[in-house]
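Visitor: Quick one, structure for this:
(chains A and B)
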Amino acid sequence: MKNIHMKIYIILMFVSGIFQLSIFNISWEYFRMIQAVHILSSAFVAIFLLVPYVNKHTYEYMIVKKAKSTSGVILGVLLFMIIASGFYLFLVGNPGSDILGIYSFNIHLYGSFILLFFLFSHARKRKTSTPLVIMLLLIGTSYPNISYAKSSDKLTNIELEAGVDRYHNGDWTSSAKCKSCHEDIFNQWADSNHRHLVGTNPYYMVMENLAGEDMGDEFRQWCMGCHNPSAVTTKQKRTSHGMNGNFMPNVLFDSGSKNLIDEFKTHGNSRLEEGVSCITCHRITKTTSNGNSSYSLDLTNRKKYVFEDSNSDIEQWLSEKFINANPKAHKESYSNKLYKESAYCASCHDEFLPDSKKEVVSTFKEWEKSPFNNPKDPSKHKSCIDCHMTNMKDNKFSPLKGTSTTGGKIKDDIKVHYFSGSNHFLSGLKNKTNEDQTIQLLRTSAELDVDIKDGKIVVGVKNVGAGHHLPTGVSDFRELWLDITLRDKNSNIVFSSGKLKDDGNLNTDARPFMKIFGDENSKPVGLLFWRYKNLLSDTRIPAGKRRVESFNIANFENLKHPLEVVVKLNFRIYPQWVTDAVRRAYPQLPNPPIIMLEKIQKKF
Amino acid sequence: MRFFIKSSLFIIFLLFSVSQILPERQKPQYSDDELRKVALSRNLSSIPSDYESLLKLVDTEENRLNKAKVSLGKELYFDKILSYSKDISCSTCHLISKNQNDKTIFLDALTSKANNKTDCVVCHLSDQSGTDRFESAIGHEGRENSFHLNTLSTLNSALAKHLTWDGDIDTVEEQVGHSIEDPTQMSLKADEVTKRLNADSKYVEKFNSAFGEVNFDNVKKAIGAYLRTLTTRGDYDRFLDGDNSAMSKEAKKGLANFINFGCSGCHAGITVGGQSIQKFPVRDYNSIMDVTNSFKDEGREVGHFGFSAGVYHAYPFENRGGFLGKDGKQLFRVPMLRNVTKTSPYFHNGGVSKIREAVYLMAKHQLGMSLTNEQIDEIVAFLKALEGDIVEYKVLDKVEL
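Guide: Purely as a prediction, here's the structure:
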């Protein structure tokens, strides 16, 4: 009687095991349940039933009765190996680079077929146990599926999967959850600009609030489509910020997204993570590259392992083990070929006013027309991630070798998630590495040349490194300018340009490379950039192009030579008047530093 | 062995089948007009849009409203003269702006040369919520409320039957006196108030025309008169007044839920709350076996057991401040839900910061229901419809009732 029980157990484990093979291609809802049932029940059966039974059985036959059975010995060894590899897969997992994990997986898979063969050859009597197997299988597979919420209403430009009109907080898996296995990537992202797009970004919070006041609260959705997809899709009307008692938590200087991690610890997934989280980008299924949040999300059809959504510590630990044991489905759920293409980034890095279609940000369109977009010649083609997600070292692109998952496969070029762009400032307040990566990238962008001719200083700035205009993005709020100092023989300053005024604002003689938006009366829009109707000026430098600025030197004939000219290409992420306004609401906000990108010194 | 397997299979089968077998309770479906009728019959009503109807609700014999009183009260509400250090006014904590027609409050605060607003006020003044949205009220010299109680909104407060968290106060005039004198609020004694106002010729004149003399009682009456006109109207009021399109479909469903589930039993009347004093939480969920409701997602149908062997909590959130309500019996004035979506954090000590969590907890502990995500969505949509703008009444000099 007992023999037959053990056999049934082994067959059940075998069947539930091979159902997980990709050739069966069973639906994910069943797969995840079978996997969990397989792992948990096998562990239970192995420890409490199988091992004690095999011990007793071996003792009874081989020691007491002194029976000799080759198949029995092989069976015993196989069983041991399969149990051992099974526990290894469960407790350590098979994330990729671990050779023992790979061995365990193969032993567990192929060994089980051999085991089954010897199981039948070992047993003397063959009894059919099919009815019981079928019954137990039915019970196993009819385990109630965890259903996800579905209800109704329509959104801005974000499209959701068929049958879903809105998400709930629980659908938006917190990024803090990803940290346990993807720690390096999480930490890169945690202080990056993509993480700090909403409640922890003073400039954004002020601008969204201002847009709400100026255009009506509904207009906030325009900002939120890209900045706060989780809030838009859970139908929130505005972006919120965290509070710690009566105080706002220290969001400017707190590195590693501690607030997010703490919130996840106390509230689990029930508290919404606002902003662009891991799964925002990693669950985009389609983009139309039209800008203004023109992407499709699908949060509900991803493959979740059993207990992945649980808040209990044990169940969460188990879910991680389930993923690690067979991470293929997890990997496929969060990666997509699309993610390597520039068109993917275009869904947010092109931005236009919804009514007039006036282009506010056109980074992707600039790239499309640039020499960087060269699909015919792959050696010259550079997509967004080739610069913005590639590690920098010693002011050069230096692909990072390593793993993106703890214990995962070693890759030659880890796509780093610092999201280096131009905003070194806000991420730099939190983390020097993030700041350093961005500044290194910025310094690859331009080259300077200078000449003095006919009483003029002629400075050329060439955009050599950026696959888009310099500066791009919200280039109405960026300052890139030439700081020029000319000294005569006696080191007296005889000409200067591009210095700061006492209040920190750029002197009016400076010629920043930027866009200036004007309203319907062609007056500069100031903070209210959504009032943009007429382009007043555009002095940015397109990719690969050189822009020349010449400055008249007064009284040139009488200057004592040799003349020494120092030209710096300076960059400031926000003009002083913008920071001053934001500081009214965020008094702890420091002034963004001025970054010198290039410097040239020459004597004439 | 066989018996063991069979019986355990049977038990498993039972556990999973019970929830499928029990019938679902039918929830009534209303058309828009029926919904309005039901709401009105349950004593929910709209805020009047004209001054005459308002007077019928808020005018009292003790404090007859007139233009002089209301404008004097408004002046005092925004004046820092009433605080000991002359650094805070009523409006510092009960945040509204003096000029409701000013639509560039935020832009001005960001770009003006001088700035007299704190960082929070800069952004949140445009909320016009009548509260400061802190977890606990802060008053004179930054002192916090000793029970960690947060500031209640002044909007619509005159329409409530009881005021403050424990409901001990009955009229706005009474509470105005407390707020001025309380050492953790404005901390100014009554005689000092009269002394200061008497020294200000502008106020002496105004008091003379409104009351005849400056005294503390008249200060309370003047500000009380202003508070009595401080009401808000929103989508919900327009819906109750007959405009079917004022509220979204979801919000209407939320209103139906609000009535059907029993929320409106306590959150009743024109203020959607504030009319009675009730226990919170109704059920003691600290017993070892929690059957109040860890219900399945479907709602109130079937419960499963949960064990809560933790320490005793008075509330389903951290008991910061140790406040135990009226007479220490966890009795609270039912909060008014008008503008509730603008007044996070929630509950008396701000223990819950999100509206969805507050709705979930209220249903769970006051009604014994575990709401589904959709039910919460609908109720939150309804609560948003309770948001309103301050009504600008044409206050008349004198009205014969």
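
Visitor: Pretty sure residue A:237 sits against residue A:220.
Guide: Yes. Applying Cβ atoms under 8 Å, one finds residue A:237 in contact with residue A:220, separated by 6.8 Å. Any C-beta I mention is one placed from the backbone N, CA and C, and that applies to glycine too.

Visitor: out of these two, which sits in the busier spot?
Guide: Set side by side, residue A:237 and residue A:220 show more neighbours around residue A:220, with 22 against 16, by other Cβ atoms under 10 Å in any protein chain shown.

Visitor: Could I get the contacting residues of the more buried one?
Guide: Applying Cβ atoms under 8 Å, 6 or more residues apart in numbering or on different chains to residue A:220 gives the contacts A:208, A:211, A:212, A:237, A:238, A:239.

Visitor: where does it sit relative to residue A:369, distance-wise?
Guide: Between residue A:220 and residue A:369 the computed distance is 32 Å (Cβ to Cβ, to the nearest Å).

Visitor: And for residue A:341?
Guide: Following Cβ to Cβ, the distance that separates residue A:341 from residue A:369 is 17 Å.

Visitor: and residue A:285, that one's in a strand?
Guide: Yes. Counting by DSSP: H, G, I helix; E, B strand; the rest coil, residue A:285 falls inside a strand.

Visitor: contacting residues for the spatially most central residue of chain B?
Guide: When chain B is reduced to its mean C-alpha position, the nearest residue by Cα atoms, centre = their mean turns out to be residue B:336, at 3.6 Å. Listed by Cβ under 8 Å, 6+ apart, the contact partners of residue B:336 are B:153, B:156, B:157, B:160, B:267, B:271, B:272, B:273, B:274.

Visitor: Then it would be within a helix, right?
Guide: No. Inclusion of residue B:336 in a helix is not indicated when three-state DSSP is applied; the result is coil.

Visitor: Which element, helix or strand, includes the spatially closest residue to residue A:116 that is not a sequence neighbour?
Guide: Nearest-residue entry for residue A:116: residue A:14, 5.7 Å, with adjacent residues in sequence omitted and distances by Cβ to Cβ, 6 or more residues apart in numbering or on different chains. Using DSSP states H and E, the secondary-structure element containing residue A:14 is helix A:2-18.

Visitor: roughly how far out does that helix sit from the chain middle?
Guide: When C-alpha coordinates are averaged (Cα atoms, centre = their mean, to the nearest Å), helix A:2-18 and its chain have centres 43 Å apart.

Visitor: Report the mean per-residue pLDDT for it.
Guide: Within the predicted structure, the mean pLDDT of helix A:2-18 is 82.

Visitor: Extract the C-alpha set from it and format it as CSV.
Guide: What follows is helix A:2-18, C-alpha atoms only, in CSV (Å, rounded to 0.1, in the frame of the first residue of the first chain):
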residue,chain,number,x,y,z
LYS,A,2,2.7,2.4,0.9
ASN,A,3,4.7,1.7,-2.2
ILE,A,4,1.9,2.7,-4.4
HIS,A,5,1.5,6.0,-2.4
MET,A,6,5.1,6.9,-2.9
LYS,A,7,4.8,6.1,-6.6
ILE,A,8,1.9,8.3,-7.0
TYR,A,9,3.7,11.1,-5.2
ILE,A,10,6.7,10.8,-7.5
ILE,A,11,4.5,10.7,-10.6
LEU,A,12,2.6,13.7,-9.5
MET,A,13,5.7,15.6,-9.0
PHE,A,14,7.0,14.5,-12.3
VAL,A,15,3.8,15.5,-14.1
SER,A,16,3.6,18.8,-12.4
GLY,A,17,7.3,19.3,-13.3
ILE,A,18,7.1,18.5,-17.0
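
Visitor: Now the closest residue to residue A:199 other than its chain neighbours, what are its backbone angles?
Guide: Beyond its immediate neighbours in the sequence, the residue positioned closest to residue A:199 (Cβ to Cβ, 6+ apart) is residue A:241, lying 3.8 Å away. Dihedral pair for residue A:241: phi -130, psi 160, per degrees, to the nearest 10.

Visitor: same deal with residue A:383?
Guide: With angles defined as degrees, to the nearest 10, residue A:383 shows backbone torsions of phi -90, psi 180.

Visitor: Now do it against chain B, distance only.
Guide: Using Cβ to the nearest Cβ, to the nearest Å, residue A:383 is found at 38 Å from chain B.

Visitor: for residue A:85, same thing?
Guide: Between residue A:85 and chain B the computed distance is 28 Å (Cβ to the nearest Cβ).

Visitor: Buried residues in stretch A:85-95, which are they?
Guide: Of the residues in stretch A:85-95, those buried by neighbour count under the rule 16 or more other Cβ atoms under 10 Å in any protein chain shown are A:85, A:86, A:87, A:88, A:89, A:90, A:92, A:93, A:94, A:95.
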